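>>> using only what follows, build the 3D model:
(chains A and B)
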Amino acid sequence: MKLAFCLAILTALTGAAHSTGIPQAERRSGYSFMTPDTRAMQDEDTANPGMLWVLDGEALWKRKAGTADKACADCHNDARVSMKGVAAHYPAFEQALGRPVDLEQRINLCRTNHQRAAPLAYESRELLALTAYVAEQSRGMPIETDKDPELSPFIDKGQRLFTQRQGQLNLGCANCHDDNWDKKLAGSPITQGQPTGYPLYRLEWQSLGSLQRRLRACITGIRAQAYDYGSPELVELELYLMTRAHGLKIETPAVRP
Amino acid sequence: MAKSAWIALFGALLSLPCPAGAQGLLPYTVAGDAIPEPLTGTRGDAARGRALVVDRSSTCILCHSGPFPEQAFQGDVAPKLSGSGRRWSVGQLRLRLVDASRLNATTIMPSYYRVDGLTRVGTSWRGKPILSAEQIEDIVAYLATLRD
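Reported below is the predicted structural model:
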């Protein structure tokens, strides 16, 4: 009886812990830390290099692929309707796997299961293009983690990964993105690490890149062992970041320095 | 005197080829909030120390700023290094570099001469301190010159 009570309290506490981090009113996208030049590049579709990937993605959406000889559009029709708001709720729980999948993994599940085509590699031009095209359909929509209660333990794991100190520099994500986001690291702003714009065009990369690419860069930055692309840990981090970004608007394809 | 000679000797022994698993860090003695004796048995070189502090790979000016007018990119996550040599003795500076977490368990300043108690260190850095004992001594010698 006592134990059950304690467990109930514990679950209530861990449930509440999801919303920690930065208070809603202070949440700011990386966009708000950028120079006016870089913001203008994001705002102007004709100047935003990410739009090239979005256009590629639109073409791929309609192209038949795999032994099923089906295009995404054959099942989902007009992405502007069917994909609206989808990216604002990802990662989502996948019953068949018993764990959350991110947008890239969802696209690859459609490829293998429905198109009967080989999965696309993370950071390949095609996967970035399709992901950018799907996510762009949620531009301007507020991020809201899916309500599926099955996600809860994975959000907790993501939060633990976010606060865990790691690497030779022994830092956690929270040390920079919760505690020092109004400061500068080697002259550049440390932002809140909000996942609002992915996949996004990073001037430093001279390319579009996924959220997982960014996370791996931060992990290597603290001289820790980066998790592999598609690993459960990276998806859990993505999921926690989306929960932590609740209410911020999707900006895909964003531009960052 | 006798102690630093002992440390130097012990250090020399440790730097001989070690059996697998040995960490190769020189031993040091903490007294209060300081490590009074140089890790290497000799004082460092302040000019080399300055070059190390402003080098990106040492990571100091990611977080700190200081009297480095030629450096366009400095951090403001941590206190200014200017005046460090006035605020702290050489021994206090040494412990702050070797293992700042001994003084403040929640500090974000990395421990530059420590290999234990770390999680998931990347393969290229595993088992190695961020800086060598010689580099720590050079940086300590430089910080001691920052009087204002």
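>>> can you map out the strands along the stretch 51-200 of chain A?
Counting by DSSP state E, counting those that start in this stretch, the stretch 51-200 of chain A has strands at residues A:92-94, A:99-101, A:184-185, A:188-189, A:200-202.
>>> indicate which one of those strands is closest to chain B.
strand A:184-185 (4.9 Å; Cβ to the nearest Cβ). C-beta here means a position set from N, CA and C on the backbone, and glycine is covered the same way.
>>> ok so, going back, any chance of a markdown table for the strands of the stretch 51-200 of chain A, columns mean pLDDT?
Below are the strands of the stretch 51-200 of chain A laid out as a markdown table (pLDDT from 0 to 100):
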| stretch | mean pLDDT |
| --- | --- |
| strand A:92-94 | 97 |
| strand A:99-101 | 98 |
| strand A:184-185 | 97 |
| strand A:188-189 | 95 |
| strand A:200-202 | 98 |
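>>> out of these, which is the most enclosed?
Sort the strands of the stretch 51-200 of chain A by mean neighbour count, taking mean count of other Cβ atoms under 10 Å in any protein chain shown, and strand A:200-202 sits at the top with a mean of 24.
>>> can you lay out the strands of the stretch 51-200 of chain A as JSON lines showing distance to chain B?
Shown next, in JSON lines, are these (distance: least, Cβ to the nearest Cβ, whole Å):
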{"stretch": "strand A:92-94", "distance to chain B": "26"}
{"stretch": "strand A:99-101", "distance to chain B": "21"}
{"stretch": "strand A:184-185", "distance to chain B": "5"}
{"stretch": "strand A:188-189", "distance to chain B": "7"}
{"stretch": "strand A:200-202", "distance to chain B": "18"}
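>>> mind putting the ones you listed in a markdown table, distance to residue B:120 included?
Formatted as a markdown table, those follow (distance: least, Cβ to Cβ, whole Å):
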| stretch | distance to residue B:120 |
| --- | --- |
| strand A:92-94 | 26 |
| strand A:99-101 | 21 |
| strand A:184-185 | 21 |
| strand A:188-189 | 25 |
| strand A:200-202 | 25 |
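>>> residue A:146 is nearest to which of the ones you listed?
strand A:92-94 (5.0 Å; Cβ to Cβ).
>>> which helices and strands sit right next to that closest one?
Here strand A:92-94 touches strand A:99-101, helix A:103-110, going by 3 or more Cβ pairs under 8 Å, 6 or more residues apart in numbering or on different chains; DSSP states H and E.
>>> now stretch A:133-151: buried residues?
Along stretch A:133-151, these residues count as buried under the neighbour rule (16 or more other Cβ atoms under 10 Å in any protein chain shown): A:133, A:134, A:135, A:136, A:137, A:138, A:139, A:143, A:145, A:146, A:151.
>>> export it to CSV, keeping only CA atoms.
What follows is stretch A:133-151, C-alpha atoms only, in CSV (Å, rounded to 0.1, in the frame of the first residue of the first chain):
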residue,chain,number,x,y,z
TYR,A,133,9.3,19.0,-47.7
VAL,A,134,7.2,17.2,-45.1
ALA,A,135,8.3,19.5,-42.3
GLU,A,136,7.8,22.6,-44.3
GLN,A,137,4.0,21.8,-44.4
SER,A,138,4.0,22.6,-40.6
ARG,A,139,5.8,25.9,-41.0
GLY,A,140,4.3,28.4,-38.5
MET,A,141,2.5,25.7,-36.5
PRO,A,142,3.2,25.3,-32.7
ILE,A,143,5.2,22.3,-31.5
GLU,A,144,3.2,20.0,-29.4
THR,A,145,4.4,16.6,-28.4
ASP,A,146,2.1,13.8,-29.3
LYS,A,147,-0.3,12.9,-26.4
ASP,A,148,0.4,9.1,-26.6
PRO,A,149,1.1,8.0,-23.0
GLU,A,150,3.5,5.4,-24.4
LEU,A,151,5.9,8.3,-25.1
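>>> now that stretch: average pLDDT?
Averaged over stretch A:133-151, pLDDT sits at 96.
>>> relative to residue A:244, how far out is residue A:32?
Separation of residue A:32 from residue A:244 (Cβ to Cβ, to the nearest Å): 16 Å.
>>> more crowded one of the two?
residue A:244 (27 against 12; other Cβ atoms under 10 Å in any protein chain shown).
>>> tally of neighbours for the closest residue to that one other than its chain neighbours?
Once flanking residues are discounted, residue A:244 sits nearest to residue A:21: 4.8 Å by Cβ to Cβ, 6 or more residues apart in numbering or on different chains. Look at residue A:21: counted by other Cβ under 10 Å, it has 23 neighbours.
>>> surely residue A:21 touches residue A:178?
Yes: applying Cβ atoms under 8 Å as the test, residue A:21 and residue A:178 come out as touching, 5.4 Å apart.
>>> now the helices and strands packed on strand A:92-94 in JSON lines, with distance to residue A:184?
As requested, the helices and strands packed on strand A:92-94 are exported to JSON lines (distance: least, Cβ to Cβ, whole Å):
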{"stretch": "strand A:99-101", "distance to residue A:184": "34"}
{"stretch": "helix A:103-110", "distance to residue A:184": "32"}
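>>> and for stretch A:225-234, what are the contacting residues?
Contact partners of stretch A:225-234, identified using Cβ atoms under 8 Å, 6 or more residues apart in numbering or on different chains, comprise A:99, A:104-105, A:122-123, A:157, A:161, A:167, A:212, A:215-216, A:219-220, B:120-123.
>>> let me see the domain layout of chain A.
Taking automatic domain parsing as the domain assignment, the ranges for chain A are A:27-43+A:143-256, A:50-136.
>>> so for residue B:60, which of the ones you listed sits nearest?
The nearest among the domains of chain A, by Cβ to Cβ, is domain A:27-43+A:143-256 at 10.1 Å.
>>> kindly check the end-to-end length of that closest one for me.
Terminal residues of domain A:27-43+A:143-256 lie 17 Å apart, using Cα to Cα, to the nearest Å.
>>> and for stretch A:174-182?
Stretch A:174-182 stretches 13 Å from its first residue to its last (Cα to Cα).
>>> roughly how far out does stretch A:190-203 sit from the chain middle?
Stretch A:190-203 has its C-alpha centroid displaced from the chain centroid by 9 Å (Cα atoms, centre = their mean, to the nearest Å).
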